[in-house]
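got a structure for you, letters missing:
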């Protein structure tokens, strides 16, 4: 955060420092940023150009192209990208190298996918770069926070008719058939329950994070109720990882939020638990599970004891390293074949896995990019953890703290569920969700600039910030902090 210049004034014998009003993002640039964030909530192809679903443009692709020719030429010299972005750029660079190295080894039909997925990572990296470079005022960052919430509402509303049996049109390559499992939810996102479940979870966390900035009970209940509504697809989509992630993130928010938040949540949880107890007594667990494909998958996976059970996913007892025997010693250096990583079964039959891989986000980094990406990914998570914790300190304004709180809850959740679920990387039918998550993490660790309604007092620890009738007077302002200090 730029702590200069200031002008000195004296009022009633006390020195007051007023920060000059920073410009922030221009109107056109900020409209593009809002459109970029919103574009991730609608991943159905905008136009049907080809029978290959991956190649049909989404809203994100259109917004990105607009920015490529209008926004990117003006980004030189603007701001400094946080360390988190630079680590991610390193991961994408290694991915691109792996794709170029593996491409000649595979038949053209499969090798072209190495290049395609590498280009998708580059497209995402460029859009995140724009967000990382652009300085935002606190008001602008709050508006982007609202765009995340609006996106969650759109996804939740779009999924309602789908839950009641109205499925959306499905387009796939010629000769391909999609096996639709009754009860699955996709909303207006990719054709996988991973996508809608995790998207709804992160949107819900970002809504709950706004609770702490509310002045009255009515506003608090509004955000609380909206957070539960936006999360409903995570409970019914069929994705167990998303369900568990929401529970973990919700508990994290319960622990790190204000006492008033815990009191209200616990006060609401007691009658809800009583209602569920009565409901279970009359209808039983099986009757409730019939309404949720997610609960059905929990029950089926544990009863069958197959590789799809939570226990086997978390313990990796289903993982077979010998399936990569053809790649051999190359795996630690360039992975097992970028986004086509072939497996060879006991009979010697080779199967190319286009657009997907191992259902473990940590091992997926090793599978696709070798040890370099694996360690960069661990570094990325550690840096993200430290940066989000620092952004939640009282010295930051309430808007930065709220954004960081929501993403910190999501980070805590995915660190656990990534062990058994593929809910982080590009691919697996999640379209551009990976870019969306990295973009939100970068926004969360990037400090916003003060606006005209913020003022600072040099002496003492009093910091006042007012928005929507809320005043936080117990957060000391610490001067001298910079963007570089906050991304440790």
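Cool, got the structure. For clarity, every value in this text was computed on a predicted model and none was experimentally measured. Numbers count the residues shown, from 1 in each chain.

got any ranges where the stretch 101-250 of the chain has weak pLDDT?
166-184, 212-213, 215, 238 (pLDDT under 70).

now the helices for the stretch 51-200 of the chain?
Counting by DSSP state H, counting those that start in this stretch, the stretch 51-200 of the chain has helices at residues 59-70, 83-102, 108-133, 138-163, 193-208.

let me know which of those is tucked in deepest.
Most buried of the helices of the stretch 51-200 of the chain, by mean neighbour count (mean count of other CB atoms under 10 Å): helix 193-208, with a mean of 29. C-beta coordinates here come from the backbone N, C-alpha and C atoms, glycine included.

relative to helix 138-163, how tilted is the helix or strand that comes right after that one?
Where DSSP states H and E defines the elements, the next helix or strand beyond helix 193-208 is helix 217-236. For helix 217-236 against helix 138-163, the angle by axes from the mean of the first three to the mean of the last three CA atoms, to 10 degrees is 50 degrees.

output the contacting helices and strands for helix 217-236.
Under the contact criterion of 3 or more CB pairs under 8 Å, 6 or more residues apart in numbering; DSSP states H and E, helix 217-236 touches helix 138-163, helix 193-208, helix 240-256, helix 259-289, helix 293-304.

residues of the third one that come out buried?
For helix 240-256, the neighbour count (16 or more other CB atoms under 10 Å) marks 240-246, 248-250, 252-253, 256 as buried.

will you turn those residues into a markdown table that also has distance to residue 94?
Converted to a markdown table, the buried residues of helix 240-256 look like this (distance: CB to CB, whole Å):
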| residue | distance to residue 94 |
| --- | --- |
| 240 | 31 |
| 241 | 26 |
| 242 | 28 |
| 243 | 32 |
| 244 | 30 |
| 245 | 27 |
| 246 | 32 |
| 248 | 29 |
| 249 | 29 |
| 250 | 35 |
| 252 | 31 |
| 253 | 34 |
| 256 | 34 |
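
tell me the one of those nearest residue 44?
Distances from residue 44 to these, taken as CB to CB, are shortest for residue 242 (19.5 Å).

what's the closest non-adjacent residue to the closest one?
Counting by CB to CB, 6 or more residues apart in numbering, residue 242 lies nearest to residue 197, which is 2.5 Å off, once chain neighbours are set aside.

going along the chain, name the strands of the stretch 301-450 of the chain.
With DSSP state E, counting those that start in this stretch as the criterion, the stretch 301-450 of the chain has strands at 343-344, 350-351.

any idea which of the ones you listed is most buried?
strand 343-344 (a mean of 18).

parallel or antiparallel, which strands does that one pair with?
Here strand 343-344 has these sheet partners by DSSP bridges: strand 350-351 (antiparallel).

neighbouring contacts of the strand it pairs with?
Strand 350-351 is contacted by residues 326, 342, 343, 344, 345 when judged by CB atoms under 8 Å, 6 or more residues apart in numbering.

and stretch 358-375, by the same measure?
If you take CB under 8 Å, 6+ apart as the criterion, stretch 358-375 is touched by 91, 94-95, 98, 313, 316, 319, 324, 331-336, 338-339, 341, 357, 376-378, 414, 418-425.

got it, and stretch 97-114?
Under CB under 8 Å, 6+ apart, the answer for stretch 97-114 is 115, 117-118, 334-335, 337-340, 352, 354-355, 368-370, 373.

span of it from start to end?
10 Å (CA to CA, to the nearest Å).

what average pLDDT does the helix or strand where residue 36 lies get?
Using DSSP H and E, residue 36 sits within helix 27-39. Averaging pLDDT along helix 27-39 gives 95.

ok, stretch 403-415 next?
Per-residue scores along stretch 403-415 average to 95.

pretty sure the residue nearest to residue 242 sits against residue 234.
Yes: between residue 197 and residue 234 there is a contact under CB atoms under 8 Å: 4.7 Å.

any buried residues in stretch 366-375, and which?
Buried residues in stretch 366-375, counting neighbours by 16+ other CB under 10 Å, are found at 366, 367, 368, 369, 370, 372, 373, 374.

again, but for stretch 393-410
In stretch 393-410, counting by 16+ other CB under 10 Å, buried: 395-410.

let me know the closest of these to residue 186.
Residue 186 lies nearest to residue 410 out of the buried residues of stretch 393-410, by CB to CB, at 20.6 Å.

now do the contacts for the closest one.
201, 202, 205, 245, 249, 437.

now the third one: how far from residue 230?
So that's residue 205. From residue 205 across to residue 230, the span is 10 Å (CB to CB, to the nearest Å).

check the last one too.
Separation of residue 437 from residue 230 (CB to CB) stands at 16 Å.

the more surrounded of these two?
Legend: neighbour count by other CB atoms under 10 Å for residue 437 and residue 230, higher for residue 230 (27 against 23).

ok, now which ones touch the nearest residue to that one once chain neighbours are set aside?
What sits nearest to residue 230 in space, not counting adjacent residues and going by CB to CB, 6+ apart, is residue 152, at 4.1 Å. Neighbouring residues of residue 152 by CB under 8 Å, 6+ apart: 41, 199, 200, 202, 203, 204, 206, 207, 230.

then residue 24?
With CB under 8 Å, 6+ apart, residue 24 has these contacts: 30, 135, 136, 137, 139, 140, 449, 451.

which one is it nearest to, not counting chain neighbours?
residue 137 (3.6 Å).

same deal with residue 60?
In this structure, residue 60 finds its nearest non-sequential neighbour in residue 39, 4.3 Å apart by CB to CB, 6+ apart.

burial check on the one you found, number of neighbours?
When counting by other CB under 10 Å, one arrives at 22 neighbours for residue 39.

what separation do you get for the residue nearest to residue 24 and residue 143?
9 Å.

hmm, back to that, just curious, which of the contacts of stretch 97-114 is nearest to residue 224?
residue 355 (37.8 Å).

what's the pLDDT at that closest one?
Residue 355 is assigned a predicted lDDT (pLDDT) of 90.

let's have the chain start at 4 instead
All set: I'll call the first residue 4, so the last point we hit is now residue 358.

you'd agree it is up against residue 433?
No: counting by CB under 8 Å, residue 358 stays clear of residue 433, with 9.8 Å between them.

these two - which one has more neighbours?
Higher neighbour count among residue 358 and residue 433: residue 433, with 27 against 15, using other CB under 10 Å.

what's the pLDDT at that one?
pLDDT recorded at residue 433 is 91.

so what's it up against?
By CB under 8 Å, 6+ apart, the contact set of residue 433 is 192, 193, 195, 197, 198, 201, 426.

could you redo the last one with a cut-off of 10 Å?
Shown in contact with residue 433 (CB atoms under 10 Å, 6 or more residues apart in numbering): 46, 192-195, 197-199, 201-202, 358-359, 425-427, 439-440.

would you agree residue 143 is in contact with residue 403?
No: in this structure residue 143 lies outside contact range of residue 403 using CB atoms under 10 Å: 11.8 Å.
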